[in-house]
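Model the following, please.
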Amino acid sequence: MTDLRRSLALASILAGTVATAAAAQNWPSEPLHVFVGFPAGSSPDTIARIVAEPLAEAIGQPVVVENKPGAGGVIAIQQMLARGNDDYSIGININGPLTTAPRLIPDLGYDPAADIAPVGLIATSPLVLAVGADFPADDIQGFIDAAAEPEAISYGSVGEGSGAHLTAELFADAAGVQLFHIPFQSYAEVTTSILGGEIDSGFMAPSAALPHVEAGTMKMLGVTSAEPFAQVPDVPVMAGQAGLPEDFRAELWNAMIAPAGTDPAIVERLNTELNTILNDPEVRDQLLAIGWQAQPGTPEDLAQRITGDTAMWGGVIDRTQAAN
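Numbers count the residues shown, from 1 in each chain. Below is the predicted model:
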């Protein structure tokens, strides 16, 4: 390459960089649309609205929450991507559409690794292993002992591939037991069946189990987070108990994402604003009140969480499908 061609190439690169930076500096000049995969009043919707108000103040433009429920959050991602890379469409969604959906839904229409730009985690929530008050065990070791005979202990979930189902199978594999799965239409039915003694157990959100524990009709034997969870600080973590691996962890999470073609400077700006919001004590308290723990971090942190959870849940799905 001649010196002239090198100079022209360098000038072209610099011009493109300057244009991109200028575009990012002028962003946003119109409302930001946030696609949420669940209906108004749901936990992901509430989280999105907790974040949306301070985000709108920070960027000086309205942040419009658009509820696009369906297929466990998948529809919202599909519709976000259908708008194209306009730099004004983002998503706030749960982990399933980014980690398990590619394995469970044929013709998903997107590839999280290729089509999604991670912006940042928002919040995480573990599950607790809940049993009725009369269950003949008060800890994880006792539960595992009770499950020594294959399928002697039943558990409920809202169906195959749900977070509760996969968590139960992850636990069963780690504990070396076989549990009997009974699917229901809703978590309310799972809870009612545990309280009524129709099933033995279920993995559920701490906030769902807590009122029944306080009423003396349910027990929480362990929590699936790596650290004690602030909403139920007295419930022991499962990791390292009764032969379970020290790194045992199963968490639900919500995250902010964008289409893969979104300007990287805008992704960085969104991440910065999101972390500022999540470090606000009032926001952290709002999230904890509905059962979620704020998790500020980098886009790279979220990318690693997606990759790691995809591999972990993929293994659970493979084992479950092979067993059936």
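
Would you map the strands across the stretch 201-324 of the chain?
For the stretch 201-324 of the chain, the strands defined by DSSP state E, counting those that start in this stretch cover 201-204, 218-223, 251-259, 293-294.

Deepest in the core, which of these is it.
A comparison of the strands of the stretch 201-324 of the chain by mean neighbour count, using mean count of other CB atoms under 10 Å, puts strand 201-204 on top with a mean of 26. In this view, the C-beta of every residue, glycine as well, is placed from N, C-alpha and C.

Partner strands of that strand and their direction?
Counting by DSSP bridges, the strands paired with strand 201-204 are strand 128-132 (antiparallel), strand 154-157 (parallel).

Next one: residue 178 from residue 149, what distance?
Remark: distance between residue 178 and residue 149 (CB to CB, to the nearest Å) = 9 Å.

Tell me which of those two has more neighbours.
residue 178 (17 against 9; other CB atoms under 10 Å).

Relative to residue 44, which of the strands paired with strand 201-204 is closest?
Judged by CB to CB, the one of those that comes nearest to residue 44 is strand 154-157, at 18.5 Å.

Please tell me how far that closest one is from the chain's geometric centre.
On the basis of CA atoms, centre = their mean, to the nearest Å, strand 154-157 sits 21 Å off its chain's mean C-alpha point.

same thing with stretch 305-312?
Put simply, stretch 305-312 sits 11 Å off its chain's centre (CA atoms, centre = their mean).

repeat for stretch 233-251
Relative to its chain's centre, stretch 233-251 lies at 19 Å (CA atoms, centre = their mean).

Can you say which of the strands of the stretch 201-324 of the chain is nearest to residue 313?
Nearest to residue 313 among the strands of the stretch 201-324 of the chain is strand 251-259 (11.4 Å), distances taken as CB to CB.

residue contacts, residue 220?
Contact analysis of residue 220 by CB atoms under 8 Å, 6 or more residues apart in numbering lists 128, 129, 130, 206, 209, 210, 213, 232, 235.

for residue 72, that is, sorry about that
By CB under 8 Å, 6+ apart, the neighbours of residue 72 are 37, 94, 96, 97, 101.

now residue 71
Contacts for residue 71 (CB under 8 Å, 6+ apart) come out as 37, 97, 101, 105.

phi, psi of it?
Main-chain dihedrals, residue 71, degrees, to the nearest 10: phi 60, psi 40.

Would you agree residue 87 is in contact with residue 262?
Yes. Residue 87 sits in contact with residue 262 when judged by CB atoms under 8 Å, with a separation of 5.7 Å.

Show me how the record splits the protein into domains.
Domain ranges of the chain: 31-124+252-319, 128-249, per automatic domain parsing.

could you flag which of the contacts of residue 71 are buried?
By neighbour count, with 16 or more other CB atoms under 10 Å, the contacts of residue 71 hold 37, 97, 101 as buried.

The last one and residue 108 touch, don't they?
When you say that, I think you mean residue 101. Yes. Counting by CB under 8 Å, residue 101 touches residue 108, with 5.9 Å between them.

Overlap of the contact sets of these two?
Common neighbours of residue 101 and residue 108 (criterion: CB under 8 Å, 6+ apart): residue 74.

Tell me which residue lies nearest the centroid of this protein.
Among the residues of the chain, the one closest to the centroid is residue 253, at 2.2 Å (CA atoms, centre = their mean).

name the element the residue nearest to it when sequence neighbours are not counted belongs to?
Spatially, and ignoring its direct neighbours in sequence, residue 253 is nearest to residue 124 (4.5 Å; CB to CB, 6 or more residues apart in numbering). Assigning secondary structure by DSSP states H and E places residue 124 in strand 116-126.

Parallel or antiparallel, list what pairs with that strand.
Strand pairing for strand 116-126, determined by DSSP bridges: strand 251-259 (antiparallel), strand 293-294 (antiparallel).

now for those strands, which one comes closest to residue 314?
Among the strands paired with strand 116-126, strand 251-259 comes nearest to residue 314, with 16.4 Å by CB to CB.

where's the closest one relative to the chain centroid, distance-wise?
Remark: strand 251-259 is offset 6 Å from the chain centroid, using CA atoms, centre = their mean.

Show the average pLDDT along it.
Regarding strand 251-259, the rounded mean pLDDT is 97.

and what of stretch 123-131?
Taken as a whole, stretch 123-131 carries a mean pLDDT of 97.

Kindly report the same for stretch 192-211.
Mean predicted confidence for stretch 192-211 is 96.

Distance from the chain centre to that stretch, please.
Centre to centre, stretch against its chain (CA atoms, centre = their mean), the figure for stretch 192-211 is 21 Å.

go on, stretch 158-167?
In terms of CA atoms, centre = their mean, the gap separating the centre of stretch 158-167 from the centre of its chain is 13 Å.
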